[in-house]
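> 3D model of this:
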Amino acid sequence: MLTSVMPETDGSLSGDSLATPVSVQYVPLIKPYWRLCICWITNQTVPMIYFRQFSFLLALILLLTSACSGGEQESEPQTPPNEPSGEALLPDPGVVSYSFRNQFSEDVPATLDLIKEMGVTNIEFSSLFGQSAEDLRAMLDERGMVATSYGVGFQAVTDEIDRVIEEAHTLGVQFVRIGSVPYDRSGPFTIDDAQRAVEAFNEIGARLQEADLKFIYHNHGFEFRPHEEGTLFDYMVQNTDPETVGYEMDLGWVVQPGHDPVELVQRYPDRFWATHLKDFRHGTPQDYSGSTDRSNSVMLGNGMIDFAAFLRAAEGSNIVHHYIEYEDEDVVDVMPHSLSYIRGLTK
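The predicted structure follows:
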């Protein structure tokens, strides 16, 4: 391409060119414009060739602009704002009824409606809230909702297991869950307590398996006291029957005593069958007490846990249900945000 300057001169404004030097490479583009301007200023008739040159140039510019714009659209497809760009890790989480305990205690049907309005149809019940199993099941069926896990106390599965089995069958659940074991709360959870728990779990698990139900134990933090090369929780997992005893990982009660949910599910992928997705705020005191102030409970994504990393690690495990749990009183305001957050995590 030529880059030298070639001046064009003419003695008058009506000539074919101005006396201003112009780079040769721009002359073909500029001429139609200044020729039209000269004719307009001097009130001269505009030759048709000037119109043709100008029209050609304008059409060329529009064509190039359209081509560039179309190319950008094809090479950079736009993603709608606030929508995941890949496949969701957990598009359909469940919830724990305990989160809505205050609402259920006042009006069971209205609380079921509230939960369904949030887009949730899967519930783990920690109580029947004064209803019979038959009535609660009918309410669920009317709304197209399901109960998949039934939480009861330790005494219920040891002293009243036939009643528990009957209620579990009526509700249509897959799991029967307990969330604690008896031990002297004035002192720490010990190896003796863990051994008694193991013996009981194996008996409960075998009995529930005979009834086509699965037994799961929900950790509560106190089980993570150090023991030998691991923890008392390790001892419990390693000494219970993997065919009849499973575990429900409460992520909050894994991090509160200082452990990593990702590492734990990778260590025991076959032993965890369900989860409670719960988070605690940064700075929550870490200990083995199995308790903390409810105000330390936060909406998912605002605390200590990397839920995307956990859900990715859990994909190859035996976990079949993830239930969101929130412990503080403002659940109606917080739960929609937790649901939105967890549904937005992508693979």
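
> any idea which helix or strand carries residue 193?
helix 191-210 (DSSP states H and E).

> spatially nearest residue to residue 313 (excluding sequence neighbours)?
Nearest residue to residue 313 in three dimensions, chain neighbours excluded: residue 262, at 4.7 Å (C-beta to C-beta, 6 or more residues apart in numbering). For every residue, glycine as well, the C-beta is placed using N, CA and C.

> what's the distance between residue 237 and residue 296?
As judged by C-beta to C-beta, to the nearest Å, residue 237 and residue 296 stand 26 Å apart.

> tell me which of these two has more neighbours.
residue 237 (23 against 18; other C-beta atoms under 10 Å).

> wait, the more buried one sits on residue 268?
Yes - Residue 237 is in contact with residue 268 according to C-beta atoms under 8 Å; the separation is 5.6 Å.

> what sits in contact with each of these two?
residue 247 (C-beta atoms under 8 Å, 6 or more residues apart in numbering).

> what pLDDT does the residue nearest to residue 313 get?
Note on residue 262: pLDDT of 98.

> got a list of what it touches?
If you count contacts by C-beta under 8 Å, 6+ apart, residue 262 has them with 306, 309, 310, 313.

> element containing it?
Per DSSP H and E, residue 262 falls inside helix 261-267.

> got the buried residues for that helix?
For helix 261-267, a neighbour-count test (16 or more other C-beta atoms under 10 Å) marks 261, 262, 264, 265 as buried.

> residues contacting the third one?
Pointing back at residue 264 there. Residue 264 makes contact with 249, 254, 272 under the criterion C-beta under 8 Å, 6+ apart.

> next one: the last one from residue 129, what distance?
Plainly put, residue 272 is 27 Å away from residue 129 if you go by C-beta to C-beta.

> now swap in residue 308 and tell me
Relative to residue 129, residue 308 is positioned 33 Å away (C-beta to C-beta).

> likewise residue 261?
Following C-beta to C-beta, the distance that separates residue 261 from residue 129 is 29 Å.

> also residue 254?
28 Å.

> between those two, who's got more neighbours?
A direct count of neighbours by other C-beta under 10 Å for residue 254 and residue 129 places residue 254 higher, at 26 against 17.

> need the max-distance pair from the buried residues of helix 261-267.
For the buried residues of helix 261-267, the farthest-apart pair by C-beta to C-beta is 262 and 264; their separation is 7.3 Å.
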